[in-house]
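Enquirer: A predicted structure for the sequence below; I have some questions about it.
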Amino acid sequence: MSESIALDRAAASSRATTLRARVLDWLSQYAAFGAIVVTLLVAAVMAPAFFSPGNIRAVLIQTAILGIVVLGQTVALIARGLDMSVSATMTFAAVLVGESASSGNFGLLAAQLAILVVCVGLANGLLVTWRQVPPFVATFALLIVVDGARLAYTHGQSANSAPEWLAQIGSGSLAGVPIPVLIWLALLAILFVALALTSWGRWLYAVGSNRESARHAGIPVNAVVMSTFFVTALAAMGAGVLQAGYVGYIDNTLGANYGLNSMAAAIIGGVAFTGGRGGVIGSAMGALLLTILVNLLVVMGLDLFWQRIVQGAVLVIAVVIQGLRSRAEQS
């Protein structure tokens, strides 16, 4: 009799744990979408100006630029890494484009951007795989190096104008849809397919879940990890170029905060900080949520520090939900 009662209690406890894990898993994956709906309802009541056509267009473009960086950061996080150097890569890419406005040598510009992506991706990848440096330390060091290289390249000059052709891309529209948004959606679709249907995508999740098991299964772990840093560098380069075209000028603050914001957006969108879980759709929702929140605070006339507080609070909530989910799965 006592054994039967004990078994019933154990079964009930197991069902409760499973239910809790499912609820937390749902929250981590769909919290961003729910938060977007709630935020838009609040905006409709407290700041109707948010829904003006000009502001909605600005939100979409800003989301697209952040979203491109988030695509790269999502890949890195799935493989249990991250890239803090994206902000420096963005700014350096924009500087290179600004310099092309005076020279008009597009072949040289393409070569310079390619060299930037290869150097940053290779340096980050080798530090993490070959020297076993933690991704945060390695990529933060590259952030400093790339920033220093940019200052040396520009001789300390802090501003330049974006070329006209780039301004047309960054601020232009095609069939009524901003061009940066179309570029972002195209890249999102490509990466979605790559993660879902290719061997590289399956390897990425396997490496993020358990690197030793992936290595024993014959997966080229170091090559997969290195590929993530090339993706983040490429995404940051593209976002930096589009950002320069959108704002129309280049300065030292162009890529500021994109490192933390891209990581926050991905985690808010359900990408696990511990690797092996998440996808580009959720991280896209995270990018949209962060952009809407910041824009709404600006429309409401609140000070800059409120933007930082809200961004940090949203990130903390997302990390707490993921932590509770991990504990529920392990129990």
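Expert: Noted; the coordinates are in hand.

Enquirer: okay, CA-based contacts and neighbour counts for the rest of this
Expert: Will do.

Enquirer: the helices in the chain, which residues?
Expert: Taking DSSP state H as the test, the helices found in the chain are 2-46, 53-78, 86-103, 106-129, 135-154, 164-171, 179-197, 199-209, 211-216, 221-247, 258-268, 280-299, 304-330.

Enquirer: so, low pLDDT: which residues of the stretch 201-331 of the chain?
Expert: 321-322, 324-331 (pLDDT under 70).

Enquirer: could I get the helices of the chain as CSV with mean neighbour count?
Expert: Putting the helices of the chain into CSV (neighbours: other CA atoms under 10 Å) gives the following:
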stretch, mean neighbour count
helix 2-46, 15
helix 53-78, 25
helix 86-103, 25
helix 106-129, 18
helix 135-154, 18
helix 164-171, 17
helix 179-197, 16
helix 199-209, 21
helix 211-216, 15
helix 221-247, 25
helix 258-268, 28
helix 280-299, 23
helix 304-330, 16
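
Enquirer: got JSON lines for those, with distance to Thr274 too?
Expert: JSON lines is the format used below for the helices of the chain (distance: least, CA to CA, whole Å):
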{"stretch": "helix 2-46", "distance to Thr274": "13"}
{"stretch": "helix 53-78", "distance to Thr274": "8"}
{"stretch": "helix 86-103", "distance to Thr274": "20"}
{"stretch": "helix 106-129", "distance to Thr274": "16"}
{"stretch": "helix 135-154", "distance to Thr274": "12"}
{"stretch": "helix 164-171", "distance to Thr274": "35"}
{"stretch": "helix 179-197", "distance to Thr274": "18"}
{"stretch": "helix 199-209", "distance to Thr274": "7"}
{"stretch": "helix 211-216", "distance to Thr274": "12"}
{"stretch": "helix 221-247", "distance to Thr274": "14"}
{"stretch": "helix 258-268", "distance to Thr274": "10"}
{"stretch": "helix 280-299", "distance to Thr274": "15"}
{"stretch": "helix 304-330", "distance to Thr274": "9"}
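
Enquirer: which residues touch the nearest residue to Gln311 once chain neighbours are set aside?
Expert: In space, and not counting its chain neighbours, Gln311 is closest to Leu290: 6.9 Å by CA to CA, 6 or more residues apart in numbering. Contacts for Leu290 (CA atoms under 8 Å, 6 or more residues apart in numbering) come out as Asn261, Ala265, Gln311.

Enquirer: distance of the last one from Pro163?
Expert: By that I understand Gln311. Plainly put, Gln311 is 32 Å away from Pro163 if you go by CA to CA, to the nearest Å.

Enquirer: got the contact list for Ser262?
Expert: By CA under 8 Å, 6+ apart, the residues touching Ser262 are Leu66, Gly67, Val69, Val70, Gln73, Ala287.

Enquirer: how near is Gly125 to Gly245?
Expert: Going from Gly125 to Gly245 by CA to CA gives 29 Å.

Enquirer: then Ala123?
Expert: Distance of Ala123 to Gly245, given as CA to CA: 28 Å.

Enquirer: cool, Val225 as well?
Expert: Separation of Val225 from Gly245 (CA to CA): 31 Å.

Enquirer: could you do Val294 as well?
Expert: For Val294 relative to Gly245 (CA to CA), the value is 21 Å.
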